[in-house]
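> Provided below for reference: sequence and predicted model.
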Amino acid sequence: MRYSKCISCASYVGWVGLGTNLVLMILKGFVGFVSGSQALVADAMYSAKDVVTSLLVIVGLKVSGRPLDREHPYGHGKIEFILSMIISVVFLGVTALLLIHAIQVLVNGDVHQAPHIIALWTAIISILVNVMMYFYSRCVSIEVNSPMVRTLSRHHHADATSSVAVALGIVGAHYLDMPSIDTAVALFETAHLMYLGSEVFREAYKGLMDGSAPPEVQEEIRQQAMKVAGVEEVEELKSRLVGQDLWVDLVIRVDEGITVDEASDISDDVSDRLIRVIPHMGSVHVKFTAESAEQDGSDDFDGYSPVTL
């Protein structure tokens, strides 16, 4: 982490999100109901989603932060992907029901009424709060590289966008005399919620299936390894995402004329460089190979230089 205060932010981001989203959920749900705004009621679901997300962030960060043990030699990081998948499945089901309801209301033109103007002020408050929470949680997600906090950040961004749409819909319903706009916005919001749920599901699935690091990160690892003196080529690179951390297995080729000890030193240098340069590196295993070398009279050698943080 770049700043010491990031540690405290990471510890409290779930609780701050929980309190903020709980208040917004109750506020938007109540005002949406009494003002007759279908869009604001749907917007309350965004905050309800974030209440659950915040709870899972609290649990996920606590569990994933536990040290390695005999039963969990790769750590506890996958708990965050499991919880992310739970969130996505639950909200895909709930928002599907809301989507069907919004379609039914939109088709039935007799029930359209312009919502009370109080719904507009509630939407504006929601925009301001979610924008602040987005930048706060985004900063924390970058520093701790947590899938759950990253999900929370994305949801706050989506909430802010949703509340903007709600505000525009209420303005249109009042000043353009088009009350159906509010219901149309509710339809858009539920469809967007389903899209967000599918995105979270895909990311969680990738993490549970030991998905590799993004291509740009893998290329950076190769480039950094090649900068170490004595590395002739990176022959193989495997990576896996384990919660907040990145685990890497690397095979480098060294000069066939050097000794095993010299090759081991080069592998250690590669490990040290990757841990120092690549963010959120959890474990590095570097294997060295050469066509031939001096090792008890053998004409070839290979070995590992493992480093786990």
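Cool, got the structure. Since the model is a prediction, treat every value here as computed from it, not as a measurement.
> quick one: average confidence on stretch 139-150?
The average pLDDT for stretch 139-150 rounds to 74.
> shaky segments in the stretch 201-309 of the chain?
Along the stretch 201-309 of the chain, the model assigns pLDDT under 70 to residues 210, 243-244, 291-309.
> give me the number of residues near residue 216?
By other Cβ atoms under 10 Å, the residues close to residue 216 number 8. Heads up, the C-betas are built off the backbone N, CA and C, glycines and all.
> for the one 3 residues further on, same thing?
Counted by other Cβ under 10 Å, the residues lying close to residue 219 total 12.
> separation between it and residue 43?
41 Å (Cβ to Cβ, to the nearest Å).
> and if you look at residue 233?
Separation of residue 233 from residue 43 (Cβ to Cβ): 54 Å.
> just residue 268 next, same as before
For residue 268, the distance to residue 43 (Cβ to Cβ) stands at 54 Å.
> Next: residue 224.
Distance, residue 224 to residue 43, by Cβ to Cβ: 45 Å.
> What of residue 216?
Relative to residue 43, and taking Cβ to Cβ, residue 216 is found at 35 Å.
> Could you give the secondary structure assignment for residue 213?
coil (DSSP: H, G, I helix; E, B strand; the rest coil).
> That one contacts residue 249, doesn't it?
No - taking contacts as Cβ atoms under 8 Å, residue 213 lies outside contact range of residue 249: 11.7 Å.
> more neighbours, residue 224 and residue 43?
Just comparing residue 224 and residue 43: by other Cβ under 10 Å the higher neighbour count belongs to residue 43, 32 against 17.
> show me where the protein has strands.
For the chain, the strands defined by DSSP state E cover 231-242, 245-254, 281-290, 301-308.
> So which bits of the longest one are buried?
Neighbour-count burial for strand 231-242, counted by 16 or more other Cβ atoms under 10 Å, picks out 231, 234, 237, 239-242.
> tell me the domain boundaries of this structure?
5-208, 215-308 (automatic domain parsing).
> out of the ones you listed, deepest packed?
domain 5-208 (a mean of 20; mean count of other Cβ atoms under 10 Å).
> contacting residues for residue 42?
By Cβ atoms under 8 Å, 6 or more residues apart in numbering, the contact set of residue 42 is 32, 98, 102, 162, 185-186, 189-190, 193.
> With respect to residue 117, which of those residues is nearest?
residue 32 (13.2 Å; Cβ to Cβ).
> Next one: the residue nearest to that closest one when sequence neighbours are not counted, what pLDDT does it get?
In space, residue 32 comes closest to residue 40 once its chain neighbours are excluded; the distance is 3.2 Å by Cβ to Cβ, 6 or more residues apart in numbering. Among the per-residue scores, residue 40 holds a pLDDT of 81.
> how about the strands of the chain in CSV, adding distance to residue 205?
Listed next are the strands of the chain as CSV, based on distance: least, Cβ to Cβ, whole Å:
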stretch, distance to residue 205
strand 231-242, 12
strand 245-254, 18
strand 281-290, 20
strand 301-308, 26
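> do you know which of the ones you listed lies nearest residue 19?
strand 245-254 (28.7 Å).
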